[in-house]
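Peer 1: A structural model of the following input is requested.
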Amino acid sequence: MSDAEWTLVRDLLPVPSWMAGRGGRPEGYCHRQMIDAVRYLVDNGIKWRAMPCDFPPWPRVYAFFARWRDAGLVAELHDRLRGAVRDAESREAEPSAGVVDSQSVKADATVALASRGYDAGKKINGRKRHLLTDTLGLVLAVLVTPASTTDRDAARIMLPTAKNRFRRLSRIWADGGYTGHLADWTAAHLGVVLDVVRRSDDVTGFQVLPRRWVVERSFAWFLRSRRLVRDYERRTDTSEAVILWSMTTLMSRRLAARHQQLAPRRAA
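Peer 2: Residues are numbered from 1 along each chain as shown. Next comes the predicted model:
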């Protein structure tokens, strides 16, 4: 991270237990070093054991990554950064609308057979990332399943959790994979309008569809992180954590760039 990024991220970090008086052993490495190491792994797609010597030893970095994954600290940091980005865009902290879609990716040989499947539509043997974003493309919820899981089945798991977290959420745009009884189910059980944006049958080739392009752009953002080009993780919650780390990098850089652009104007 640059100094400008660290200045913004430092105040949003979860407070460690030992610093908050809740016990625990003081950490031996600076959070900035650990976060830089995890971001380096996600961005460059290296193995844990290939961690450069500039960072702390890889077992300590992995322990930091696993602790933040299991305790939900990476999700907490991600949510705080998302709130800061939405505030910078003059948006409410809690979104009222979202976009949902899925992405099938090939799985590495390290992924167990129990957590992978075959997507007959995309002809991909691997996993599927189900994503709910706001209208800016920022992640609201993510769920990683075997690629054989249908979009409708995953939505019945992901959308209730998202609705409990974001009470203002009232409308969600989706593609044709979410048609059927799901729209009636979301309206009856969640009070959310599921609006399916269909592709015209008369158009051939690529077509930018209203609202749906937002979540497609988010998937493109993920693929800029080499660790997400394929699924290399043994556990699905680890894959979800890697996605959150990728988004924290994107949002912290966006906030730092915006802050640097506004600094000369404030000085003037």
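
Peer 1: helices of this protein, residue ranges please.
Peer 2: 3-10, 31-44, 58-71, 73-88, 151-165, 182-189, 212-222, 236-267 (DSSP state H).

Peer 1: tell me the buried residues in the first one?
Peer 2: Put plainly, it is helix 3-10. The neighbour-count check on helix 3-10 (16 or more other CB atoms under 10 Å) flags A4, E5, W6, L8, V9 as buried. From N, CA and C alone the C-beta is placed, and that goes for glycine too.

Peer 1: and the pLDDT for the nearest residue to the first one once chain neighbours are set aside?
Peer 2: The shortest distance from A4 to any non-neighbouring residue, by CB to CB, 6 or more residues apart in numbering, is to A256 (4.2 Å). Looking at A256, its pLDDT stands at 92.

Peer 1: my read is that A256 contacts S2, right?
Peer 2: Yes - contact criterion CB atoms under 8 Å: A256 and S2 qualify, at 6.3 Å.

Peer 1: out of these two, which sits in the busier spot?
Peer 2: A count of neighbours by other CB atoms under 10 Å puts A256 above the other of A256 and S2, at 19 against 12.

Peer 1: any figure for the gap between that one and Y29?
Peer 2: According to CB to CB, to the nearest Å, A256 stands 23 Å off from Y29.

Peer 1: and the pLDDT at V197?
Peer 2: 85.

Peer 1: residues contacting it?
Peer 2: Counting by CB atoms under 8 Å, 6 or more residues apart in numbering, V197 touches W173, A174, D175, L209, P210, R211, R212.

Peer 1: neighbour-wise, which of these leads?
Peer 2: Going by other CB under 10 Å, A174 tops those with 26 neighbours.

Peer 1: need the contact list for that one.
Peer 2: When contacts are counted by CB under 8 Å, 6+ apart, A174 touches V99, V100, D101, D151, A155, L194, D195, V196, V197, R212.

Peer 1: grab the nearest non-local neighbour of it.
Peer 2: Leaving aside its chain neighbours, A174 sits nearest to V100 (4.9 Å; criterion: CB to CB, 6+ apart).

Peer 1: show me the contacts for that neighbour.
Peer 2: Counting by CB under 8 Å, 6+ apart, V100 has contacts H130, L131, L132, T133, A155, M158, L159, I172, W173, A174, Y178, V215.

Peer 1: who does it bridge with?
Peer 2: For V100, the beta-bridge partners under DSSP bridges are L132.

Peer 1: so for it, what's the pLDDT?
Peer 2: Note for V100: predicted pLDDT of 96.

Peer 1: and if you look at G28?
Peer 2: 78.

Peer 1: let me know whether it touches P59 as I believe.
Peer 2: No - counting by CB under 8 Å, G28 does not reach P59; the two are 12.0 Å apart.

Peer 1: so between those two, which is more surrounded?
Peer 2: Neighbour totals were compared for G28 and P59, and P59 leads with 11 against 7 (other CB under 10 Å).

Peer 1: gap between the more buried one and S246?
Peer 2: Per CB to CB, P59 is found 23 Å from S246.

Peer 1: name the helix or strand of the protein that has the lowest mean pLDDT.
Peer 2: Within the chain, confidence by mean pLDDT, DSSP states H and E is lowest for helix 236-267 among all helices and strands, at a mean of 88.

Peer 1: buried stuff in it?
Peer 2: 236, 238-252, 254-256.

Peer 1: for the contacts of A174, which one is nearest L41?
Peer 2: Of all the contacts of A174, L41 sits closest to D101, with 26.2 Å by CB to CB.

Peer 1: on that earlier part again, filter the contacts of A174 down to the buried ones and hand me the PyMOL line.
Peer 2: Selecting only the buried entries of these in PyMOL, with 16+ other CB under 10 Å as the criterion:
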select buried, resi 99+100+101+151+155+194+196+212
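
Peer 1: turn the contacts of A174 into JSON lines, including distance to R82.
Peer 2: Converted to JSON lines, the contacts of A174 look like this (distance: CB to CB, whole Å):
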{"residue": "V99", "distance to R82": "15"}
{"residue": "V100", "distance to R82": "17"}
{"residue": "D101", "distance to R82": "18"}
{"residue": "D151", "distance to R82": "23"}
{"residue": "A155", "distance to R82": "21"}
{"residue": "L194", "distance to R82": "22"}
{"residue": "D195", "distance to R82": "23"}
{"residue": "V196", "distance to R82": "26"}
{"residue": "V197", "distance to R82": "23"}
{"residue": "R212", "distance to R82": "21"}
